[in-house]
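A.B. asks: Sequence plus predicted model, see below.
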Amino acid sequence: MTQPSLEGKVAIVTGSSRSIGASIARTLAADGANVVVNYVTDESAAEIVVADILADGHGNAVSVQADLSSMAGAQHLLDETVAAFGRVDILVLNAAVMEMGTLGQIDDKSFDKHMDINVKGPLFLTKLAAPLLPAGGRVVFLSTSWTRASHVIPAALLYVATKGAIEQLARALAKELGAREITVNTVSPGPTNTELFRSNRTDEMLQAVANTVPAKRIGKPEEVSEVIRFLVSGGAAWVNGQNILVNGVRRIAMTSDRFL
């Protein structure tokens, strides 16, 4: 029987109580990793993910409540990870907020919220974790295909700004941490079939989004997870500083604002 490729590795997946984050946690655990399922408010959802992982019987998992918009929250997450599993090998920085607002609608509160959760949180968690990561460690940031699109809806102003910042952080960190044989990459999903994405969209809207992709469908969370599975594996040791779009070659520029 082939040994799971992540056997003995410890992975933190931020914002992993639902949607893409939950899929990532389950996928890495299925490869043998010990996974820390991070959440902020929904303990019951995080415990469901943990229970699924334990029932699968490959990896191990614990849930940890931590608000990563503060340094204290990031340190708490790391402390709990080390207490549970003794080390950390993999960071998947998935937690984010996306609240729509045009230039006239945003204020300093919404700006600070997006920057704290989407930029400050991932950056300082990486800073605190870096001394613990061994050679062969992996860091994966989550961005969005919107940063590469020719068309971005005005109301996504703060979200795309923070994701653009994340991509630049990852580029710089790939050089610094790469010197220690720790890879840093970014994964940028397109529309993905999650409860959050489906909410407030009619079937017509969902089909319009699907029609922007050659395969005429919306991506699945597992299709994002599989890319991350590769990036954190031993086989990806020579993949560093990359931004991989997981969007089915989506033609975003051809889609009406109300469908995005």
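C.D. replies: Looks like it came in fine.
A.B. asks: for whatever helix or strand residue 29 lives in, the distance to its chain's centre please.
C.D. replies: For residue 29, the element it lies in under DSSP states H and E is helix 19-30. With CA atoms, centre = their mean, to the nearest Å as the basis, helix 19-30 stands 10 Å off its chain's centre.
A.B. asks: tell me which strands and helices it is in contact with?
C.D. replies: With contacts defined as 3 or more CB pairs under 8 Å, 6 or more residues apart in numbering; DSSP states H and E, helix 19-30 has these neighbours: strand 10-13, strand 34-39, helix 43-56, strand 60-65, strand 90-93, helix 221-231. C-beta coordinates here come from the backbone N, C-alpha and C atoms, glycine included.
A.B. asks: So which residues make contact with that helix?
C.D. replies: Identification of contacts with helix 19-30 by CB atoms under 8 Å, 6 or more residues apart in numbering yields 4, 6, 11, 13-16, 35, 37, 45, 49, 52-53, 56, 58-61, 90, 92, 94-95, 142, 189, 192, 194-196, 221-222, 224-226, 228-229, 232.
A.B. asks: what's the answer for stretch 228-245, then?
C.D. replies: For stretch 228-245, the external contacting residues (CB under 8 Å, 6+ apart) are 5-6, 9, 11, 24, 27-28, 31, 90, 92, 136, 138, 140, 143, 145, 148, 167, 170-171, 174-175, 178, 181, 183-190, 227.
A.B. asks: Now intersect those with the strands, please.
C.D. replies: 11, 90, 92, 138, 140, 183-189 (DSSP state E).
A.B. asks: Output the below-cut-off pLDDT ranges for the stretch 151-260 of the chain.
C.D. replies: Residue ranges of the stretch 151-260 of the chain with pLDDT under 70: 196, 198, 200, 250-260.
A.B. asks: all helices of it, in order?
C.D. replies: Under the criterion DSSP state H, counting those that start in this stretch, helices of the stretch 151-260 of the chain are mapped to 157-178, 195-198, 203-210, 221-231.
A.B. asks: can you redo those helices as JSON lines with distance to residue 77 and mean neighbour count?
C.D. replies: Conversion of the helices of the stretch 151-260 of the chain to JSON lines gives the following (distance: least, CB to CB, whole Å; neighbours: other CB atoms under 10 Å):
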{"stretch": "helix 157-178", "distance to residue 77": "18", "mean neighbour count": "18"}
{"stretch": "helix 195-198", "distance to residue 77": "22", "mean neighbour count": "13"}
{"stretch": "helix 203-210", "distance to residue 77": "34", "mean neighbour count": "15"}
{"stretch": "helix 221-231", "distance to residue 77": "19", "mean neighbour count": "20"}
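A.B. asks: No further queries at this time; thank you.
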